[in-house]
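Asker: Coordinates for the following, if possible.
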Amino acid sequence: MTVRARPAAVLAALAALAGVACHGPLVAEAPSDGGAGTGGHAGSTGASGRGGSTGTSGATGASGATGASGATGASGATGASGATGASGTTGASGAAGSGGAGRGGAAGSASGVAGSAGGRGGAGASAGGTTGGAGTGGRGGSTGTGGGACAPQFQPQMFYSSDYGPARSDGTSSRYYWVEQGTPFVTVHYTSTPGLTATPHPYQFDATEANRDWDVAVGEGLLAALTVPSLPLQIEVWGPLAGDVMSPFTIGSTYNMAVTVDGANAYYTFDDPAGPGIYRTDGTQSQSQNPLIVTYATAGLTAGDVLILRTTPKYFVVAGLRDAWVIDRSSFAHQHVFTATNVNIIDVITSRPHTTNAGVVFRTQDGLYNATGHDYYLDLTATTLGTPRDLVTAINQLGATGGCGPFRYEQGGVLYGNHYIYESTSGLVEVTLASDGTPSQTVLLTGMELRFPEVTGGGDVYASWQPSFKSNYYYVGRL
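Answerer: Numbering: from 1, shown residues only. This is a model prediction of the structure:
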């Protein structure tokens, strides 16, 4: 992880990023329960017959005359749509019966909400008819439009509350790290599953320095932090866990530096004219002994080009104010891959797990998405790298799928392989990205709105939300 505060030249432009919008979860109201009668005493009208544990299809009785949901007297263990059982002989038509709204919503369009209780709604698309039993909680949905991807896949579990939300975050193979920009110190915390205990890391720095250039980066084997306790700039190297200590060897410079971590090594930029380039350290030796990996001249860069540094197994990914490059870690061949037009690049997010070379998100300023920013995706697996795809535009052009969504981009997200997890007003949403960044296969992960999603290498998803003055941290589930 790299958590970066922008240089002074960028801070003013970032002031608009301070706001945080709050949205409550959507709640679907179910109509009254449907009839359960094997004799279909409510079949003729379906008015309010008592139905299965979740199905109330008979509420409108529209299917009474045609036995629209008659066959589902069997599909629900509790006779979810049996309100029209009297017409059971023609129950086959129940698959399309519009009258059986059983707990899925008056027209079944909200059945995904109820269906979620039944293990993601199952095959709710025909839940009101012969296949109504696909979701244990979605059996009553007459059309089951909420089945499948419409049903939230997870029920988030809150494990921690704080006065401060995550300034940024990252995931190692099994741990979720976040930085709280509080007072009097900026602090680092982590957790993992099982357990879900918010554990403070011993590294911290004076919050009065947080308006300057700073970074925090974590990996499997160490934590590296760039702070400004006094000039020169200073990088500290720590172990990754609560009981670890700081290395006695620090790295200093009067010029700009950036830092990132890959496994048990930290990489940092050094703009000093005596040897500008990218260096490596594991915290076991002095600065003069740290090896130079690539000079700026070899990488086709200048000192001002490198304000953000990231790694994948194949590339160094570097960004300046408005341009970004990748540098092959073996050949040191470099390629310009992105230009932000009239706005600044504020973050570079590589795909999790960090042991794979999948994709990268370039995040830019955008007042419409001021809590995070505007995301662009680039696939790093192609032999010839393409052009980053504007994810905001691409996601907002997606229509409803099977009656679900659309789920518009509300704030930015995180990559897990080629899966992008972002915030919508309906909850966290996962989409699959094609090599050109085209999104598809929309899946609603949560039924409550959450922000700042993060995922570990093992696929555990975390996020947070600020309903009032406190920020609540949640474990969402495993992908």
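Asker: quick one: D323 and T284, what's the gap?
Answerer: Taking CB to CB, to the nearest Å as the measure, D323 falls 34 Å from T284. C-beta coordinates here come from the backbone N, C-alpha and C atoms, glycine included.
Asker: Ignore what I typed, I meant P166.
Answerer: Counting by CB to CB, the gap from P166 to T284 is 30 Å.
Asker: Looking at those two, which has the bigger crowd around it?
Answerer: P166 (23 against 11; other CB atoms under 10 Å).
Asker: Apart from its chain neighbours, what residue comes closest to the more buried one?
Answerer: Distance criterion CB to CB, 6 or more residues apart in numbering; nearest residue to P166, sequence neighbours excluded, is W178 at 3.8 Å.
Asker: One more: T312?
Answerer: Counting by CB to CB, 6+ apart, the residue nearest T312 is N357, at 4.7 Å.
Asker: By mean pLDDT, which helix or strand of the protein comes out lowest?
Answerer: Using mean pLDDT, DSSP states H and E, helix 111-115 stands out as the lowest-scoring helix or strand of the chain, at a mean of 33.
Asker: Paired strands for the strand or helix carrying the residue nearest to P166, with orientation please.
Answerer: Assignment of secondary structure by DSSP states H and E places W178 within strand 175-181. For strand 175-181, the pairing partners within the sheet under DSSP bridges are strand 166-171 (antiparallel), strand 185-192 (antiparallel).
Asker: and these, which is most packed in?
Answerer: Neighbour counts averaged per stretch over those are highest for strand 166-171, at a mean of 24; criterion: mean count of other CB atoms under 10 Å.
Asker: Convert it to CSV, retaining C-alpha atoms only.
Answerer: C-alpha atoms of strand 166-171 as CSV (Å, rounded to 0.1, in the frame of the first residue of the first chain):
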residue,chain,number,x,y,z
PRO,A,166,-9.3,5.7,6.3
ALA,A,167,-7.0,8.3,4.6
ARG,A,168,-6.1,5.4,2.4
SER,A,169,-5.7,1.6,2.7
ASP,A,170,-4.2,-1.5,1.2
GLY,A,171,-4.4,-5.3,1.5
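Asker: Show residues contacting it.
Answerer: Residues outside strand 166-171 that contact it (CB atoms under 8 Å, 6 or more residues apart in numbering): 1-5, 176-181, 186, 216-218, 347, 352, 452, 454-457, 460, 462, 464, 471, 473.
Asker: Filter those down to the buried ones, PyMOL style.
Answerer: Buried residues within the contacts of strand 166-171, by 16 or more other CB atoms under 10 Å, are selected in PyMOL with:
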select buried, resi 1+2+3+4+5+176+177+178+179+180+181+186+216+217+218+347+352+452+454+455+456+457+460+462+464+471+473
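Asker: quick one: contacts for P240?
Answerer: Taking CB under 8 Å, 6+ apart as the test, what P240 contacts is T172, R175, Y190, H201, V218, G219, E220, G221, L222, L223.
Asker: list the contacts for the second one?
Answerer: Listed by CB under 8 Å, 6+ apart, the contact partners of R175 are Y190, T191, S192, P240, T456.
Asker: same question, the first one
Answerer: Residues counted as contacts of T172 (CB under 8 Å, 6+ apart) are V218, G219, E220, P240, H354, T456, G457.
Asker: so which strand or helix has I421?
Answerer: Going by DSSP H and E, I421 is part of strand 419-424.
Asker: average pLDDT for whichever helix or strand comes after that strand?
Answerer: As assigned by DSSP H and E, the chain's next helix or strand after strand 419-424 is strand 427-433. Mean pLDDT, strand 427-433: 97.
Asker: Over to stretch 268-284?
Answerer: pLDDT averaged over stretch 268-284 gives 93.
Asker: What residues of that stretch count as buried?
Answerer: For stretch 268-284, by 16+ other CB under 10 Å, it's Y268, T269, F270, D271, P276, G277, I278, Y279, T281, D282, G283.
Asker: Specify which member of the contacts of R175 is nearest to L428.
Answerer: T456 (15.2 Å; CB to CB).
Asker: which residues sit in contact with that closest one?
Answerer: G171, T172, S173, S174, R175, Y176, S192, R352, P353, Y462.
Asker: so what's the spatially closest residue to L433 that is not a sequence neighbour up against?
Answerer: For L433, ignoring the flanking residues on the chain, the nearest one in space by CB to CB, 6+ apart is N418 at 4.8 Å. Contacts here follow CB under 8 Å, 6+ apart; on that basis N418 touches S351, A358, G359, D379, T432, L433, A434.
Asker: please redo it, this time with the cut-off set to 7 Å
Answerer: Taking CB atoms under 7 Å, 6 or more residues apart in numbering as the contact definition, N418 lies against A358, G359, T432, L433.
Asker: Surely the third one is in contact with T442?
Answerer: No. Counting by CB atoms under 7 Å, T432 sits too far from T442 to count as a contact (8.6 Å).
Asker: between these two, which one's more packed in?
Answerer: Remark: of T432 and T442, T442 carries more neighbours, 22 against 14, as counted by other CB under 10 Å.
Asker: and stretch 404-421, which residues are buried?
Answerer: By 16+ other CB under 10 Å, the buried positions in stretch 404-421 come out as 404-405, 407-421.
Asker: No further questions, thank you.
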